[in-house]
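Provided below are the primary sequence and the corresponding predicted coordinates.
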Amino acid sequence: MDKFVITGGIPLHGSVVISGAKNAAVAIVAATILADEPCVLENVPEISDISISLRILYEMGASIKILGKNTIRIDTRGISDPVVPYDLARSMRASSYFLGTLLGRFHKADVPMPGGCDLGDRPIDQHLKAFNSLGAEHTIDGGIVSLRADSLIGSQIYFDINTVGGTINAIFAAVKAQGLTVIENAAKEPHIVDLANFLNSMGADIMGAGTDVIKIRGVNRLKGVTYAIIPDQIEAGTYMVAAAATHGDVWINNIIPKHLESITAKLRKVGATVEEYDECLHIYTSGPLVKTSLKTLPHPGFPTDMQPQFSTLLTTAEGTSVVTDDIFDNRFRYVSELRRMGADITVEGTTAVIQGVRKLKGATVRATDLRAGAALVIAGMMASGVTTVENIFHIERGYENIDDKLKGLGADIKRVSDYENARKIV
Ligand code: EPU
């Protein structure tokens with residue numbers, strides 16, 4: 001397995017271009033199942049979660065053409081059997097989106113329980129509740145979720161908790177259902193708005209995406225379109241934090257500043273300067289970084305997907321910071337890795353207390369999930385000496401060319417494969 005070897009202590013300088021949003025792209029790629037014609041997707045990030053999504057479509061009978069580095073033509077008309085291959089589905093959380101899209105098109109779906117980052121228990125009860133409200137029945141047998149419906153009829157869906165995946169799956173099942181569906185307590189993340197924009201451009205009738213209440217009037221047909229995916233809020237936030245944490249000076253290009261407001265506000269609080277422009281921002285730090293307190297919340301609050309990176313920055317901020325993240329049960333698994341680098345963090349349940357230290361020290365650490373992996377890369381760049389980050393396949397699920405982008409900003413980061421290590425030993 002590949003590793004990153006990072007020599008830290010170099011402030012990041014220069015500019016970086018942000019790729020298309022992972023969490024929008026995985027939903028939109030799955031949504032092409034609902035299209036009655038081929039679609040061309042632009043600004044699709046080159047990450048392994050997308051390769052897996054495309055592989056799932058291909059194995060089910062879709063035709064996929066790579067038209068350019070980030071442009072893909074997808075024709076799902078060849079899919080006839082709504083069964084998602086087991087191993088592929090198990091490797092990714094977003095495989096649950098095939099439940100909604102296959103149900104919407106075929107009124108049936110057989111999808112293995114989704115995998116993805118291990119952040120604690122990740123049930124899909126709210127997804128199933130939404131499908132049931134629209135008239136589908138479900139069974140779970142041998143780890144396979146099966147959905148069956150004679151017809152899908154628009155309905156009222158009230159989510160007991162704020163769920164991104166549940167909201168997206170409810171939209172999928174409702175866009176071609178008969179009549180009106182009203183989703184209440186809907187999630188409001190930018191990728192939900194992007195998905196609704198994509199489906200509306202195909203002829204769907206979705207109103208209110210980005211608010212608590214989404215209204216969907218079912219349509220019979222969705223045409224093929226060419227659509228560009230929004231920039232990745234979390235990738236942008238990760239480079240912003242990396243810039244501040246290394247006391248650098250970085251321009252972040254191809255972004256939507258509005259999506260970054262909660263991250264920008266917290267970075268200003270800890271002492272970074274952030275200047276916003278139409279589609280880019282400039283971040284730099286001249287003085288010391290100082291403590292702050294942070295609680296993750298659904299959008300427009302501070303995103304849980306930025307918590308590990310921001311907590312890493314706080315390890316060298318002056319004073320004591322308190323970070324609470326209860327969106328998932330267990331999003332502090334990276335803390336023991338940061339402690340190996342000299343961080344002073346104690347975790348009690350879903351709260352971490354971070355006592356700023358002067359400097360982190362390089363060590364060998366292991367990525368436990370996608371955002372934890374990004375956090376450890378940032379830690380490596382902050383630290384003195386050499387840090388080796390293992391299990392970087394987690395990072396490649398969601399960050400396009402992270403090592404090349406960081407090298408472009410002056411970081412000393414090398415990818416080392418086990419094959420190269422073995423050659424050195426021989
Ligand atoms: N939940 C339930 N029942 C459900 C669905 C969710 O109890 O039926 C709970 C979850 O266990 C969790 C909370 O509700 O405690 C929120 O989960 P949500 O459904 O919103 O998360 P998700 O759809 O599984 C997406 C992103 C995550 C991101 C979360 C929260 C994708 C593919 N994944 O997950 O992204 O952390 O929303 O914003 O969009 C990442 O990119 O690193 C990542 C983990």
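Right, received. Where do you want to start? Numbers count the residues shown, from 1 in each chain.

for residue 365, helix, strand, or coil?
Classification of residue 365 using DSSP: H, G, I helix; E, B strand; the rest coil returns strand.

what separation do you get for it and the ligand?
18 Å (CB to the nearest ligand atom, to the nearest Å). Every residue, glycine included, has its C-beta placed from N, CA and C.

now do residue 309
From residue 309 to the ligand the distance is 11 Å (CB to the nearest ligand atom).

where's that residue, which helix or strand?
Residue 309 is part of helix 307-314 when elements are defined by DSSP states H and E.

touching the ligand at all, the next helix or strand after that helix?
Using DSSP H and E, the helix or strand that follows helix 307-314 in sequence is strand 320-324. No: contact of strand 320-324 with the ligand (CB under 6 Å from any ligand atom) is absent, the minimum separation being 13.9 Å.

helices or strands up against strand 320-324?
strand 293-295, helix 307-314, strand 351-355 (3 or more CB pairs under 8 Å, 6 or more residues apart in numbering; DSSP states H and E).

kindly reformat those as a markdown table containing mean pLDDT and mean neighbour count.
Converted to a markdown table, the helices and strands packed on strand 320-324 look like this (pLDDT from 0 to 100; neighbours: other CB atoms under 10 Å):
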| stretch | mean pLDDT | mean neighbour count |
| --- | --- | --- |
| strand 293-295 | 96 | 17 |
| helix 307-314 | 98 | 28 |
| strand 351-355 | 98 | 19 |
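
got CSV for the ones you listed, with distance to residue 327 too?
CSV is the format used below for the helices and strands packed on strand 320-324 (distance: least, CB to CB, whole Å):
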stretch, distance to residue 327
strand 293-295, 10
helix 307-314, 8
strand 351-355, 13
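
which of the ones you listed sits closest to residue 227?
If you check each of the helices and strands packed on strand 320-324 against residue 227 by CB to CB, helix 307-314 wins as the nearest, at 28.8 Å.

identify the residues contacting the closest one?
With contact meaning CB atoms under 8 Å, 6 or more residues apart in numbering, helix 307-314 is reached by 237-238, 241-242, 244-245, 263, 266, 270, 289, 291-292, 294, 296, 302, 321, 323, 325, 331, 334-335, 338, 343, 345, 352, 354, 356, 371-372, 374-376, 378-379, 382.

just these: which are in strands?
294, 321, 323, 345, 352, 354 (DSSP state E).

quick one: which two of these are the most distant?
294 and 345 (13.2 Å).

tally of neighbours for the residue of the stretch 151-300 of the chain found nearest the ligand?
Relative to the ligand, the nearest point of the stretch 151-300 of the chain is residue 165 (2.8 Å; CB to the nearest ligand atom). Counted by other CB atoms under 10 Å, the residues lying close to residue 165 total 22.

next secondary structure after the one helix or strand it maps to?
Using DSSP H and E, residue 165 falls within helix 164-174. Counting by DSSP H and E, the next helix or strand C-terminal to helix 164-174 is strand 180-184.

what mean pLDDT does that following strand have?
On average, the pLDDT along strand 180-184 is 98.

same question for stretch 363-383.
97.

how far out from the middle of the chain is it?
Remark: stretch 363-383 is offset 17 Å from the chain centroid, using CA atoms, centre = their mean, to the nearest Å.

send the alpha carbons of it over as PDB?
In PDB, the C-alpha atoms belonging to stretch 363-383 read as follows (Å, rounded to 0.1, in the frame of the first residue of the first chain):
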ATOM      1  CA  ALA A 363       6.200  10.200  13.400                       C
ATOM      2  CA  THR A 364       4.700   7.200  11.500                       C
ATOM      3  CA  VAL A 365       1.000   7.500  11.600                       C
ATOM      4  CA  ARG A 366      -2.000   5.700  10.000                       C
ATOM      5  CA  ALA A 367      -5.000   7.200   8.200                       C
ATOM      6  CA  THR A 368      -8.100   5.800   9.800                       C
ATOM      7  CA  ASP A 369     -10.600   7.400   7.400                       C
ATOM      8  CA  LEU A 370     -10.700  10.000   4.600                       C
ATOM      9  CA  ARG A 371     -10.700  13.300   6.500                       C
ATOM     10  CA  ALA A 372      -8.600  11.800   9.300                       C
ATOM     11  CA  GLY A 373      -6.000  11.000   6.600                       C
ATOM     12  CA  ALA A 374      -6.100  14.600   5.300                       C
ATOM     13  CA  ALA A 375      -5.600  15.800   8.900                       C
ATOM     14  CA  LEU A 376      -2.500  13.700   9.300                       C
ATOM     15  CA  VAL A 377      -1.100  15.100   6.100                       C
ATOM     16  CA  ILE A 378      -1.600  18.600   7.500                       C
ATOM     17  CA  ALA A 379       0.000  17.500  10.800                       C
ATOM     18  CA  GLY A 380       3.000  16.200   8.800                       C
ATOM     19  CA  MET A 381       3.400  19.500   7.100                       C
ATOM     20  CA  MET A 382       3.200  21.300  10.500                       C
ATOM     21  CA  ALA A 383       5.600  19.000  12.300                       C
END
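
list the buried ones in that stretch?
By neighbour count on 16 or more other CB atoms under 10 Å, the buried set for stretch 363-383 is 363, 365-383.

ok, stretch 192-203 next?
Buried-residue list, stretch 192-203, by 16+ other CB under 10 Å: 192-200, 202.

outside of that stretch, which residues touch it?
Residues outside stretch 192-203 that contact it (CB under 8 Å, 6+ apart): 21, 24, 27-28, 31, 34-35, 39, 164, 167-168, 171, 175, 186, 204, 206, 209-210, 214, 219, 221-225, 227, 229-230.

rerun that using 7 Å as the cut-off
Residues outside stretch 192-203 that contact it (CB atoms under 7 Å, 6 or more residues apart in numbering): 21, 24, 27-28, 31, 35, 164, 167-168, 171, 175, 206, 209-210, 219, 221-223, 225, 227, 229-230.

looking at the residues you listed, which are in helices?
Judged by DSSP state H, the subset of the contacts of stretch 192-203 located in helices is 24, 27-28, 31, 164, 167-168, 171.

residues of the protein that sit close to the ligand?
22-23, 26, 93-94, 117, 122-127, 161, 163-166, 187, 304-305, 327-328, 370-371, 398.

quick one, strands of the stretch 1-150 of the chain?
Counting by DSSP state E, counting those that start in this stretch, the stretch 1-150 of the chain has these strands, from start to end: 3-7, 13-17, 39-42, 63-68, 71-75, 108-112, 137-141, 144-148.
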